[in-house]
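In: Give me a model of this one.
(4 chains)
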2 protein chains.
Amino acid sequence: MLERTDGVVLERAGRKRGETRERLLDLAERAVLEKGFAATSIDELIVAAGITKSGFFYHFRDKGELAKALLTRYLERDEVILDDLFDRAAELHEDPLHRFLIALKLFAEMLADLPGAHPGCLAASYCYQDTLFSQEIRDLNAAGVRAWRARFRGHLAEIAALHPPRIPVDLDVLADMAATLVEGGIMVSRVLRDGAILPKQILAYRDHIRLLFLREH
Amino acid sequence: MLERTDGVVLERAGRKRGETRERLLDLAERAVLEKGFAATSIDELIVAAGITKSGFFYHFRDKGELAKALLTRYLERDEVILDDLFDRAAELHEDPLHRFLIALKLFAEMLADLPGAHPGCLAASYCYQDTLFSQEIRDLNAAGVRAWRARFRGHLAEIAALHPPRIPVDLDVLADMAATLVEGGIMVSRVLRDGAILPKQILAYRDHIRLLFLREH
DNA sequence: CCGAAACTGTACCCGTGGTACAGCGCCGGC
DNA sequence: GCCGGCGCTGTACCACGGGTACAGTTTCGG
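Out: Below you'll find the predicted structure:
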């Protein structure tokens, strides 16, 4: 909104454009992952952000718009992290199988290095409260999961073309297994308060890929 | 409470003991899985159950007691289903590996036969709203996940003793993988509105177990 | 110094969780 | 046949949170 027609983006000193909005999103994301969207009150957010209720409704038309902004930002960040991960892996090996195995190792390390455990997945949180949200938000969430499937399926197709699998596999199922283990791993890690579970599950997925496609051993 | 000291349980005709309470639990479970605990109002439950607010608070001291009763009942049913599954599998084969593979097949079939998709896991729902609940409830939830680990680890230990794994594996991780794929599979199935994803993930777990322990092929 | 962005302040409505009782109908036991 | 208690109903009331409405204020860049 502050971007002029010539593309120059205006910024402010004290109250920078989007600064308070981002702070609200940060606070909301943390709270939603802890207790869910319905239990996250606008009141607690504005107190923590140091603004008033009117200030909140200046940034978001209603709570639903906050929900949408939250998920959109989350999914965008997710994409960036995975892009970066697979880009780094691509630099380390030529073969798609080994690239994939390296990426999974990097992913597991990244998850293991998180301070404490993984804070939780917004997509999963929304999933268990989905009738609270508009169809648009549910569709956004579904698109996010489908993006994971497409990404992993792409890598797996490349792998399978060069390394025939030991047993017949459905690449979509194998691709979904990544998202499934991440979502499940976050949940189990959280419930058992053991941050190590999630990265270990990623490495178990890596073992499965190795057993399926790797001829050595 | 209606059980006398001699152990005889009293029942009533119209308003049978526990009947309304069970109805409330059924309604609450469905609602909680759809929109989360915080968004499930006592009011909607009593309207659906055909009682008054006072009636609700006769059965449950507060909403927290409802939450606890809900989870307890859910976890108990869970145990019964899995016990039955592994008992049936045990009747069909002697070898622990084949028993396990049969049980996973039965499990996948059971999940595939559910009308629509899996309605959701209460443990996962609670996990993403955990600061709403008492420590007692969080502990109950953790105990439930640990019970899954112990059950699967027990089977896997028997298997590993007879069938040395192709590569070194941590049996706890492999055991957790079951709960992880179930939780993640329910979530992904739900988000993509495709009930087939969950059973397929169970069969993918079965493939992983086969690749790890089965010598043939 | 103008205008717009980024708020504040006030007032008000409704739904929901929760408390506190008092009362009532029905059924089983004695 | 009546007493007691289970399983409710009815009424009244409170605080808090989401949400609406809208007028006014500060701050800063151009």
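
In: Show me chain A divided up by domain.
Out: A:1-60, A:64-213 (automatic domain parsing).

In: Ok, which of those domains comes nearest DNA strand C?
Out: domain A:1-60 (2.7 Å; C-beta to the nearest atom of the strand). Glycine gets a C-beta too; all of them are placed from N, C-alpha and C.

In: now the closest one, how far from the centre of its chain.
Out: 20 Å (C-alpha atoms, centre = their mean, to the nearest Å).

In: next structured bit after the strand or helix carrying residue A:80?
Out: Assigned by DSSP states H and E, residue A:80 belongs to helix A:63-92. Under the assignment DSSP H and E, the closest C-terminal helix or strand after helix A:63-92 is helix A:96-112.

In: can you list the residues that contact the helix or strand that contains residue A:57?
Out: In this structure, residue A:57 sits in helix A:53-59 according to DSSP H and E. With contact meaning C-beta atoms under 8 Å, 6 or more residues apart in numbering or on different chains, helix A:53-59 is reached by A:20, A:21, A:24, A:42, A:43, A:45, A:46, A:49.

In: Helix, strand, or coil at the fifth one?
Out: The three-state label given to residue A:43 by DSSP: H, G, I helix; E, B strand; the rest coil is helix.

In: What residue, apart from its backbone neighbours, is nearest it spatially?
Out: Counting by C-beta to C-beta, 6 or more residues apart in numbering or on different chains, the nearest residue to residue A:43 once its immediate chain neighbours are dropped is residue A:53, at 7.5 Å.

In: Equivalent analysis for the fourth one, please.
Out: Counting by C-beta to C-beta, 6+ apart, residue A:56 is the residue found nearest to residue A:42 once chain neighbours are left out, at 5.6 Å.

In: Ok, the second one next?
Out: Spatially, and ignoring its direct neighbours in sequence, residue A:21 is nearest to residue A:59 (4.8 Å; C-beta to C-beta, 6+ apart).

In: And the pLDDT at that neighbour?
Out: pLDDT for residue A:59: 91.

In: Now do it against residue A:65, distance only.
Out: Separation of residue A:59 from residue A:65 (C-beta to C-beta, to the nearest Å): 9 Å.

In: Spell out whether the helix holding residue A:80 and DNA strand D are in contact.
Out: Yes: judged by C-beta under 7 Å from any atom of the strand, helix A:63-92 and DNA strand D are in contact via A:63, A:64.

In: Give me the mean pLDDT for that helix.
Out: pLDDT averaged over helix A:63-92 gives 95.

In: Can you report how many residues neighbour residue A:52?
Out: Residue A:52 has 11 neighbours, counted by other C-beta atoms under 10 Å in any protein chain shown.

In: Could you check how far it is from DNA strand D?
Out: Distance of residue A:52 to DNA strand D, computed by C-beta to the nearest atom of the strand, to the nearest Å: 9 Å.

In: out of the domains of chain A, deepest packed?
Out: For the domains of chain A, the largest average neighbour count (mean count of other C-beta atoms under 10 Å in any protein chain shown) is found in domain A:64-213, namely a mean of 19.

In: and residue A:48, what does it touch?
Out: Neighbours of residue A:48 in contact, by C-beta under 8 Å, 6+ apart: residue A:27.

In: Would you mind confirming that residue A:100 is in contact with residue A:89?
Out: Yes: Residue A:100 is within contact range of residue A:89, at 7.3 Å (criterion: C-beta atoms under 8 Å).

In: From residue A:85, how far out is the residue nearest the centre of chain A?
Out: Nearest residue to the geometric centre of chain A (C-alpha atoms, centre = their mean): residue A:78, 3.9 Å. Distance, residue A:78 to residue A:85, by C-beta to C-beta: 11 Å.

In: residues shared between the contacts of these two?
Out: Common neighbours of residue A:78 and residue A:85 (C-beta under 8 Å, 6+ apart) do not exist.

In: pLDDT at the residue lying closest to residue A:88 once chain neighbours are set aside, what is it?
Out: In space, and not counting its chain neighbours, residue A:88 is closest to residue A:106: 6.2 Å by C-beta to C-beta, 6+ apart. On pLDDT, residue A:106 comes in at 98.

In: what does the one 10 residues further on give?
Out: For residue A:116, the model assigns a pLDDT of 84.

In: didn't it look like it was pressed against residue A:193?
Out: No: Residue A:116 is beyond contact range of residue A:193, at 9.3 Å (criterion: C-beta under 8 Å).

In: Overlap in contacts, those two.
Out: Common neighbours of residue A:116 and residue A:193 (C-beta under 8 Å, 6+ apart) do not exist.

In: pLDDT below threshold where in chain A?
Out: A:1-17, A:216-217 (pLDDT under 70).

In: who's in contact with the residue in chain A that chain B sits nearest to?
Out: Relative to chain B, the nearest point of chain A is residue A:184 (2.9 Å; C-beta to the nearest C-beta). The contact partners of residue A:184, by C-beta under 8 Å, 6+ apart, come to A:201, B:179, B:180, B:181, B:182, B:183, B:184, B:185, B:187.

In: on that earlier part again, which one of the domains of chain A lies nearest to residue B:38?
Out: Closest approach to residue B:38 among the domains of chain A is made by domain A:1-60 (3.7 Å; C-beta to C-beta).

In: my read is residue A:167 is in a helix, agree?
Out: No: checked against three-state DSSP, residue A:167 lies outside a helix; its state is coil.

In: Extract the CA atoms of stretch A:153-171 and return them as CSV.
Out: Extracted C-alpha coordinates of stretch A:153-171, given in CSV (Å, rounded to 0.1, in the frame of the first residue of the first chain):
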residue,chain,number,x,y,z
ARG,A,153,8.0,-36.1,-6.1
GLY,A,154,10.2,-34.2,-8.5
HIS,A,155,13.4,-35.2,-6.8
LEU,A,156,12.2,-38.8,-6.4
ALA,A,157,11.3,-39.1,-10.1
GLU,A,158,14.8,-38.0,-11.0
ILE,A,159,16.2,-40.6,-8.6
ALA,A,160,14.0,-43.4,-9.8
ALA,A,161,15.0,-42.7,-13.5
LEU,A,162,18.6,-43.4,-12.6
HIS,A,163,18.3,-45.8,-9.8
PRO,A,164,15.5,-48.4,-10.2
PRO,A,165,13.9,-49.1,-6.8
ARG,A,166,14.4,-52.4,-5.2
ILE,A,167,10.6,-52.9,-4.9
PRO,A,168,7.8,-51.2,-6.8
VAL,A,169,6.9,-47.8,-5.2
ASP,A,170,4.3,-45.1,-5.7
LEU,A,171,6.4,-41.9,-5.9
